[in-house]
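Enquirer: next come a sequence and a model predicted from it.
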Amino acid sequence: MITSRQGWLEVPYCPCPAGSAAIAAALVRHPVGGLHFVPGMSLIGADGVPDVIRGEETQVIGEVGDLPGRHLLVLPGTHSKWALAEDGVITWFATFMTGELFAVLREHSILGRLMAGAAPDAAAFARGLAYAREGPGGLLKRLFSVRTLGLFDQLPASALASYLSGLLIGSELIEALACLPQPPDAQEITVIGDSALAERYRGAIEAAGFQARTGDGDAGARGLLLIARAAGLVPGAEPQALRSGP
């Protein structure tokens, strides 16, 4: 991330809630070259613990635009991001380390020792989703089933990775819905992404009884345009003051 602490120029986070206008007001101009950097967003939860996003906020802004009402979105990835937007303003978001946890468990834990191959297995994925919803205990209890189902030949080695994926994504969905400060206006969740991973999320959402809507593949570019317009960098909005970086 070029605006992170390890990037070209660290840009302070814009506090949530924020829409395109608030994000535009927090843009930082690089002292050389005249480039403008989007700040990302921060949120201090009800528990007092901070969360952050960098980049995904532009996709959410680009997807919802100025649509009225409350909308729930998910952006799958190494660190999945869930967000609520209301009347074009991001009012809440949360990060889930699902993708990174999958990689760590598969490559560096006992759960990966029985796994073989990387081909997707739809039935095993669905079984993982179901166990996430209906199994006893919580995720820490259910995770060991990845090993025991392999040990007792209830799942072949080639299906275990898909089962683990379903178990983790299903658990993420349950946790994300439980974290929402308020429900969306409709039983619809927008998935931003066009990868095979995004398709798995759409399947998990529908299995949970929600409608899965596919977001705009160009949402990020559209979000940057809306922010640039709000900042007065391109025609379409009144200019706003920009801070200069150090």
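Expert: Alright, I've got the coordinates. Numbers count the residues shown, from 1 in each chain.

Enquirer: going forward, measure contacts between C-alpha atoms and count neighbours the same way
Expert: Fine.

Enquirer: and residue 50, how many neighbours?
Expert: Residues contacting residue 50 under the criterion other Cα atoms under 10 Å number 11.

Enquirer: where does it land on pLDDT?
Expert: For residue 50, the model assigns a pLDDT of 98.

Enquirer: which residues touch it?
Expert: Residue 50 sits next to 42, 43, 44 when contact means Cα atoms under 8 Å, 6 or more residues apart in numbering.

Enquirer: distance of the residue nearest the centre of the chain from residue 114?
Expert: Taking Cα atoms, centre = their mean, the centroid of the chain lies closest to residue 81, which sits 2.0 Å from it. Distance, residue 81 to residue 114, using Cα to Cα, to the nearest Å: 30 Å.

Enquirer: ok, which stretches of the protein are strands?
Expert: Along the chain, the segments classed as strands by DSSP state E run 14-15, 28-29, 36-37, 41-44, 50-53, 70-75, 80-86, 89-96, 188-191, 211-214, 243-244.

Enquirer: looking at those, which is closest to residue 221?
Expert: Nearest to residue 221, of all those, is strand 36-37, at 13.8 Å by Cα to Cα.

Enquirer: so which elements touch the closest one?
Expert: Here strand 36-37 touches strand 28-29, going by 3 or more Cα pairs under 8 Å, 6 or more residues apart in numbering; DSSP states H and E.

Enquirer: select only the buried ones of the contacts of residue 50 in PyMOL?
Expert: In PyMOL, a selection of the buried entries from the contacts of residue 50 looks like this (16 or more other Cα atoms under 10 Å):
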select buried, resi 42+43
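
Enquirer: do you know how far the residue nearest to residue 170 when sequence neighbours are not counted is from residue 142?
Expert: Distances taken as Cα to Cα, 6 or more residues apart in numbering put residue 129 closest to residue 170, at 4.8 Å, once the chain neighbours are dropped. Here the distance between residue 129 and residue 142 works out to 11 Å (Cα to Cα).

Enquirer: neighbour-wise, which of the two wins?
Expert: residue 129 (27 against 18).

Enquirer: show me what contacts that one?
Expert: 163, 166, 167, 168, 169, 170, 171, 204, 207.

Enquirer: can I get those in a markdown table including neighbour count and distance to residue 154?
Expert: Formatted as a markdown table, the contacts of residue 129 follow (neighbours: other Cα atoms under 10 Å; distance: Cα to Cα, whole Å):
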| residue | neighbour count | distance to residue 154 |
| --- | --- | --- |
| 163 | 27 | 11 |
| 166 | 27 | 16 |
| 167 | 28 | 16 |
| 168 | 24 | 19 |
| 169 | 27 | 21 |
| 170 | 28 | 20 |
| 171 | 22 | 21 |
| 204 | 25 | 22 |
| 207 | 16 | 22 |
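
Enquirer: which stretches of this structure have low pLDDT?
Expert: Where the chain drops to pLDDT under 70, the residues are 1-9, 32, 236-246.

Enquirer: distance check, the residue with the largest distance to the centre of it against residue 159.
Expert: Taking Cα atoms, centre = their mean, the residue of the chain most remote from its mean C-alpha position is residue 152, at 34.7 Å. Using Cα to Cα, we find residue 152 at a distance of 13 Å from residue 159.

Enquirer: could you show me where the helices are in this protein, in order?
Expert: Secondary structure of the chain (DSSP state H): helices located at 20-25, 56-64, 98-108, 122-134, 139-142, 145-151, 160-179, 196-207, 219-230.

Enquirer: okay, these in CSV with distance to residue 33 next?
Expert: Output for the helices of the chain, formatted as CSV (distance: least, Cα to Cα, whole Å):
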stretch, distance to residue 33
helix 20-25, 19
helix 56-64, 22
helix 98-108, 35
helix 122-134, 48
helix 139-142, 49
helix 145-151, 52
helix 160-179, 41
helix 196-207, 36
helix 219-230, 17
